[in-house]
Every structure is written in C-alpha cells, then in structure tokens.
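Chemist: Here you go, sequence then predicted model.
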Amino acid sequence: MRKLEFIFTIIFGCFAITFQAQNRKINIDYDKELGELNTMFKECIGAGRANEGLRADWQQQLAEIKKDCDFKYIKMHGLLTDDMGVYKLDDEGNPQYNYQYIDALYDYILEIGMKPFVEISFMPNYLASGDETIFWWKGNITPPNDYDKWKDLVENLLRHWTDRYGEEELKTWYFEVWNEPNLDGFWAGTQEEYFKLYKYTAEAVKNVSKDYRIGGPATAGNAWVDETIEFTDKNEVPIDYISTHSYGVKQGYLDEFGTSGTILNEDEWSVSRDVIAVRKKMDSLSKENLELHYTEWSSSYTPADPIHDSYHQAAYILQKLKQIGDAANSMSYWVFTDIFEEAGPRFEPFHGGFGLMNTQGIKKSAYYAYEFLNKLGETELVNNDQQSYVAKDENGDFQVLFWDFTYTLPKDSELNQTYYSQRLPAKEKGEIILDLKHIPKGNYEVTKYQVGFQKNDPYTRYLEMGAPKQLSKDQVKQLKSLSSGEPENTQTILIDKTEAHSMKFSIRENDVFLLEFKKL
C-alpha cells in the first residue's frame, strides 16, 4: 500500500513543495483530548443600531450568518433612541412608553435562535439633559434630566420583556449600561455621572429580578475596569460581569468617517494582550467569578478601514481569538453587516465597513474565519501549534483549522486606508506539515476549504473590476459566487496505519485552511 503522503500529493497536487521557505509542523494525536472546545468566539456578534434591525435585508443577513456561524447573542446601539419610538411625555408631563418597534426586532432575533445582549442606550430626547448627539442618526449622549424617570423607564421595559418572554428567558440575557462612556463622543457626562447612571440602571434591572445580569462599563480601550469594580464594591451596587472594547490599531478610539487614518498595530499581541491583562486584573481584585465580555473588538475602530474588506482580516481574527483563549467569556466582533449607518448610508459597496458581509450580502473573507470555527467539533485535541485548532466531534470525525498570519503593512510608513486599498498578492510561506497519529483505520472523506488571496476573496476581485462605485446585479452575483465558501475539493483516502502519517500543504501569507475528515 502506498504511503498516505503520496496519496495526498496526488489529491492536493496544487500544494507544491517550496524548498526555499521554512516549514511548520502541526502534531496531531487523535487520542489526546484537551477538553471541550472553548466557543467564546461565537457567543456574541455586533450590529450597528437597533433601528437598522427592522430592515428586511439586515434580518436576512442575520439569519444567514446565524445558520453558518451560530452566534448566540447580538449587541447593538441605540435601543432607546427616538427612532425606536420608545418614550415621550404627554401634555401633563407624564411618561408614555411604547415598545412596538423593539418587540418586532426582538421577536425576530429570538425567532431565529439568537438572544439580545442588551445595550441600554442612548437617551430618549424627552429624558435628555442636553442636545449633544452622535452619528448620522443622532443618538443623544447626555445624562438623564431625571434619574428617577430613567430608572422607571428601564424598569418598565424590563417588566414588559418579562411579561412577553418570561423570566426564565430573560435570566439568559445580558444587560449592559451605555456604550464607551469614557469617550466624549459617546457620553457628555463625567465618570461620576456614568457611575450614577449605572447605579440607577442596575437597581432598575434587579428590581424586576435579582437573577437578571447587569454589567459595564462598556468602555473603549479597556478603561475604567478598576474604577468600576471599586465603585460597585464601595457602594454595594450589583455587577455581574465586566465589559469593555479593544481594537488593533495604534491610536485613537472614535473616527466614524475614517478621516484621521489608522495603522494596524504590528505588536504580535495587540488586542489579545489587553484582554489577558484585564482578566488578570479582575482576578487580582478578587473578581474571579465575574465574567469578562468584550462587547466590541476588531482590527480597526473605524468603518472606513479597508483592512475589514481585505483577505488579511480572516487570519487576523483567528490569530487574536487563538491568543486570547479562555481569558474572555465572549469576544463580540464588531459587526456582522455593512448595513451600518453611523456615518450615514454608504455610497460604495466596499468602503472598509466593519461587517463580515457587505451591504449586498457579499461574504467577505473574514466571514469564513467564523464559519470555519463553527465547523469544529465539540472536543479540542492537544495541539502546541499557535496558529491552528484541531477538534473532533461526537461521531469521531475530526477537523484541522490552520492559518498563517503575517503582518505585511509597511511599519509606520503607510496608512491602512491606502495600503489595504490595493491589490496585495500573497507571498509563499513554505509548507504546513500535519503529523497524524492514532487515527482509526478506514476510508475518510477529506474536504478542504481555503481563504486567502483570490480564495473566497471578493474584495480583490472588486479591486480588479476597478472598484466601481455601484455594482450591477451581474457583478453582485459574480462576487457572491467567488465567495461562496464552497470546498476547494473533496476526496476519499484510505488510512491503513494508526501509528503516524504525514501530510504537506503549501501555504501563503495570511492563508486559512480547514480540513474536515469524515470516516466512511
């Protein structure tokens, strides 16, 4: 019988040996189980604002990404902003509540098997103490003019949800107070005023049920964690988890129009170092039992950064999630769709938007980082390689997800906005050698998926089209077909020895591969 590696030379002949480059070995022992796969990567996904969730195309995209990637929760801004029609005062100054729009949105989210990660923001105009707003859709960012009325609104809303969905359901939700109050753009008050808002909100939530989960401070850049813990401890204010945000560029926090320019941080541990440090800080403050949720994260904080569209983003996502490991309970990627109007409706089909899908529903390369992760079995295998996952499922089938992440941006000499707006062919990086041990004998169907330069890479093809300002129906169809996530190939192989087998694959910069082994 021929050796397994010879068989794979025939089946995957496109992976030619590159003798000049360095090789990387991934040792896989089928019998060595690490334990249950940590799925914090699909606990939560972000969306722009609540009102966008009433659009049919938004809902269609969410259903598709739920099916492919199985995100559990969704978090968005602006639930209480006036375009959701939640709150006003009658002629005598009495509060009036209306939840018709919220009901339509949340009914849909629950209908497709997801749950809300409720960001309690922004301020209804009738409750606002000022007229400062953020974004094209004018979310009011001022403290309440009456904290008791704010508390009444939150409590009334929670009681409405409890009546509509049941207390047991709401016990599984998360409630988060505001968004990035450490930034002037998002909160016109002081830190002290935010903590007052947090206190009133937390008390309102707990008045409905002590088992409902409340948290914050939802800050940009890992800020206010110590201060929040100190405040809640000192004032005996309930807190069930810490939430904060992190992005992988070097400077700044808020740039809705992308005019300041961003540079991807070349630090190998950007984002992930922050997450690990916050978890250690919480533990050092005797908060080991508090969950840690990153309710926003990505490579860049601006929805005008073409790295989000580039094939590089898929490997970047996987690299950071692997590094973070179990330091966070969730890492909520910001966001699932380019139907996202912080800067107003966008005029270009690819404009550097945050989404895993663009406005027309074309799946970016980044989409497949999450779809591939979702294809992994529930049991992770021991694996010392830092750029791969190996897992097996209850049927005994196993999967290998591996990638290369290479920082290719010229350091400090070019902005993301110019570098990632060009066609960027990937250089060869050598071979990935898979050493397989103790695989049960038999015939296996092996399915190979790939993402990288010109592989599930609609953005490169869009640039090759001349980056048209508008896409025709035929162009949308073409780009969707080029980024369908279909397998590169599927073949049947025979494993007739359990001791050791070797497989080799050529890999380029920022390539991502998923291999699924199904025993026949």
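Modeler: Received the coordinates, thanks.
Chemist: what's the neighbour count on residue 202?
Modeler: A total of 23 residues lie near residue 202 under the criterion other CB atoms under 10 Å. No exception for glycine: its C-beta is placed from N, CA and C like everyone else's.
Chemist: so how far is residue 240 from it?
Modeler: According to CB to CB, to the nearest Å, residue 202 and residue 240 sit 9 Å apart.
Chemist: and if you look at residue 35?
Modeler: From residue 35 to residue 240 the distance is 25 Å (CB to CB).
Chemist: Neighbour count for these two, which is higher?
Modeler: Set side by side, residue 35 and residue 240 show more neighbours around residue 240, with 17 against 9, by other CB under 10 Å.
Chemist: Return the residues in contact with that one.
Modeler: Counting by CB atoms under 8 Å, 6 or more residues apart in numbering, residue 240 touches 213, 214, 215, 290, 291.
Chemist: Phi and psi next, for it.
Modeler: phi -110, psi -20 (degrees, to the nearest 10).
Chemist: burial count for the closest residue to it other than its chain neighbours?
Modeler: The spatially closest residue to residue 240, leaving aside those adjacent along the chain, is residue 213, at 4.2 Å (CB to CB, 6 or more residues apart in numbering). A total of 21 residues lie near residue 213 under the criterion other CB under 10 Å.
Chemist: what bridges to residue 213?
Modeler: In this structure, residue 213 bridges to residue 174 when assessed by DSSP bridges.
Chemist: List the contacts of it.
Modeler: 171, 173, 174, 175, 240, 241 are the contacts of residue 213 under CB under 8 Å, 6+ apart.
Chemist: likewise residue 52?
Modeler: 58, 76, 339, 340, 341.
Chemist: swap the cut-off to 7 Å and go again
Modeler: Residue 52 makes contact with 58, 339, 340, 341, according to CB atoms under 7 Å, 6 or more residues apart in numbering.
Chemist: How is the protein partitioned into domains?
Modeler: Annotated domains of the chain cover 4-37+381-519, 40-374 [automatic domain parsing].
Chemist: looking at those domains, which is buried most?
Modeler: Of all the domains of the chain, domain 40-374 has the most neighbours on average by mean count of other CB atoms under 10 Å, namely a mean of 20.
Chemist: how about the helices in the stretch 101-250 of the chain?
Modeler: Assigned helices in the stretch 101-250 of the chain, in chain order: 147-165, 167-170, 191-208, 225-234 (criterion: DSSP state H, counting those that start in this stretch).
Chemist: Would you tell me which of the ones you listed gets closest to residue 443?
Modeler: helix 167-170 (45.3 Å; CB to CB).
Chemist: How far off centre is that closest one?
Modeler: 25 Å (CA atoms, centre = their mean, to the nearest Å).
Chemist: so where is this structure shaky, pLDDT-wise?
Modeler: Applying pLDDT under 70 to the chain flags residues 1-21, 252-260, 411-412, 497-499.
Chemist: what residue is smack in the middle of it?
Modeler: residue 333 (1.7 Å; CA atoms, centre = their mean).
Chemist: Can you show me the strands along the stretch 401-520 of the chain?
Modeler: 428-437, 442-451, 489-495, 501-508, 512-519 (DSSP state E, counting those that start in this stretch).
Chemist: Those: which one's closest to residue 306?
Modeler: strand 442-451 (16.9 Å).
Chemist: and residue 140, bridged to which residues?
Modeler: Applying DSSP bridges, one finds that residue 140 bridges with residue 133.
Chemist: Next, find the distance separating it from residue 209.
Modeler: Applying CB to CB to residue 140 and residue 209 gives a distance of 28 Å.
Chemist: Ok, residue 47 next?
Modeler: 26 Å.
Chemist: Repeat that for residue 509.
Modeler: From residue 509 to residue 209 the distance is 51 Å (CB to CB).
Chemist: Could you double-check that residue 182 lies in contact with residue 216?
Modeler: No - in this structure, residue 182 is not within contact of residue 216 by CB atoms under 7 Å, at 10.9 Å.
Chemist: can you pull out the helices in the stretch 251-400 of the chain?
Modeler: Going by DSSP H, counting those that start in this stretch, the stretch 251-400 of the chain shows helices at 272-284, 312-324, 365-374.
Chemist: can you list the ones you listed in JSON lines and add distance to residue 496?
Modeler: Shown next, in JSON lines, are the helices of the stretch 251-400 of the chain (distance: least, CB to CB, whole Å):
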{"stretch": "helix 272-284", "distance to residue 496": "41"}
{"stretch": "helix 312-324", "distance to residue 496": "33"}
{"stretch": "helix 365-374", "distance to residue 496": "29"}
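Chemist: can you put the helices of the stretch 101-250 of the chain in a markdown table and add distance to residue 464?
Modeler: Shown next, in a markdown table, are the helices of the stretch 101-250 of the chain (distance: least, CB to CB, whole Å):
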| stretch | distance to residue 464 |
| --- | --- |
| helix 147-165 | 48 |
| helix 167-170 | 48 |
| helix 191-208 | 48 |
| helix 225-234 | 45 |
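Chemist: Please tell me how far stretch 92-104 is from the chain's geometric centre.
Modeler: 31 Å.
Chemist: and what of stretch 435-453?
Modeler: Distance, centroid of stretch 435-453 to centroid of chain: 27 Å (CA atoms, centre = their mean).
Chemist: And stretch 289-305, by the same measure?
Modeler: 8 Å.
Chemist: Now do it: distance from first to last residue.
Modeler: End-to-end distance for stretch 289-305: 37 Å, by CA to CA, to the nearest Å.
Chemist: Make 39 the starting number, not 1.
Modeler: Noted, 39 is the first residue going forward, which turns the last one into stretch 327-343.
Chemist: Touching stretch 196-206 from outside, list them.
Modeler: With CB under 7 Å, 6+ apart, stretch 196-206 has contacts from 137, 141, 208, 242, 243, 246, 247, 250.
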